[in-house]
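Trainee: Provided below for reference: sequence and predicted model.
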Amino acid sequence: MVEIIFEAHGTTLDNEAHLASGHNDVALSALGEKQSREMGERYINENFDAIFCSDLQRSYKSAEIAFGTKFPIIKDARLRECDYGDFTKNPSEVVGKEKPKRIDVPFANGESYKQTTERMRLFLLDLLKNYNGKRVMIIGHRATQYALENLINKVPLEQVIPAPWKWQPGWKYELVGPV
């Protein structure tokens, strides 16, 4: 069993402009940097065997600001947000309405949520193999969490993706077997 704490990356410049980033490698805003410092403070007395994040700076910078060198920070491209393709940098409201249509059908020149979930499934299999009995944090994106909800909690993507998303300080998951 792997204990997973999932945290969303800090607010970005695109978030503040109400734009959907997808694979666009956008920086954290001043608020996002503050949120990352606060995340580190929330876990000041906690221990993790590793912090996993995507290779997009909003994810790994959140980890670096929060934890510095306290824990190993491991970048993994499989933890990326969904590639919105031609919808990248479009208004978040437009992309939000499009998401439920993109479970099986990829965004034009991008990917589907089934594809992002498959990336996460492969990541989780490696996590179970290499971190069994350990506690890790994943700092990721909505697609990362959609996949965790689907693969670990068995919530269909058709329910997870259109559901209202609300930030909270950490979601807990237990990975107990192959997904």
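Mentor: Sure, I can see it. Residues are numbered from 1 along each chain as shown.
Trainee: now the helices for this protein?
Mentor: For the chain, the helices defined by DSSP state H cover 13-16, 30-42, 57-67, 92-98, 113-131, 142-151, 157-160.
Trainee: With respect to Val176, which of these lies nearest?
Mentor: Val176 lies closest to helix 113-131 among these, at 8.5 Å (C-beta to C-beta). For glycine as for every other residue, the C-beta is placed from the backbone atoms N, C-alpha and C.
Trainee: So which elements touch the closest one?
Mentor: Where contact means 3 or more C-beta pairs under 8 Å, 6 or more residues apart in numbering; DSSP states H and E, helix 113-131 is packed against strand 2-8, strand 50-53, helix 142-151, helix 157-160, strand 171-175.
Trainee: Do you know the pLDDT at the residue of the chain positioned farthest from its centre?
Mentor: Farthest-out residue of the chain from its mean C-alpha position, per C-alpha atoms, centre = their mean: Asn45, at 23.1 Å. As predicted, Asn45 sits at a pLDDT of 95.
Trainee: for Pro164, same thing?
Mentor: 87.
Trainee: That one: neighbouring residues, count only.
Mentor: 4 (other C-beta atoms under 10 Å).
Trainee: likewise Tyr60?
Mentor: Using other C-beta under 10 Å, Tyr60 is surrounded by 21 other residues.
Trainee: Next, the contact list for it, please.
Mentor: Applying C-beta atoms under 8 Å, 6 or more residues apart in numbering, we find Tyr60 in contact with Cys53, Ser54, Ile73, Lys75, Ile139.
Trainee: Identify the farthest-apart pair in these.
Mentor: Most distant of those, by C-beta to C-beta, are Ser54 and Ile73, 11.4 Å apart.
Trainee: between these two, which one's more packed in?
Mentor: Ser54 (25 against 21).
Trainee: The residue nearest to that one when sequence neighbours are not counted: what's it in contact with?
Mentor: Spatial nearest neighbour of Ser54, chain neighbours left out: Leu79 (4.0 Å); criterion: C-beta to C-beta, 6 or more residues apart in numbering. By C-beta under 8 Å, 6+ apart, the contact list for Leu79 reads Phe52, Cys53, Ser54, Asp55, Ser59, Arg119, Met120, Phe123, Ile138, Gly140, His141, Thr144.
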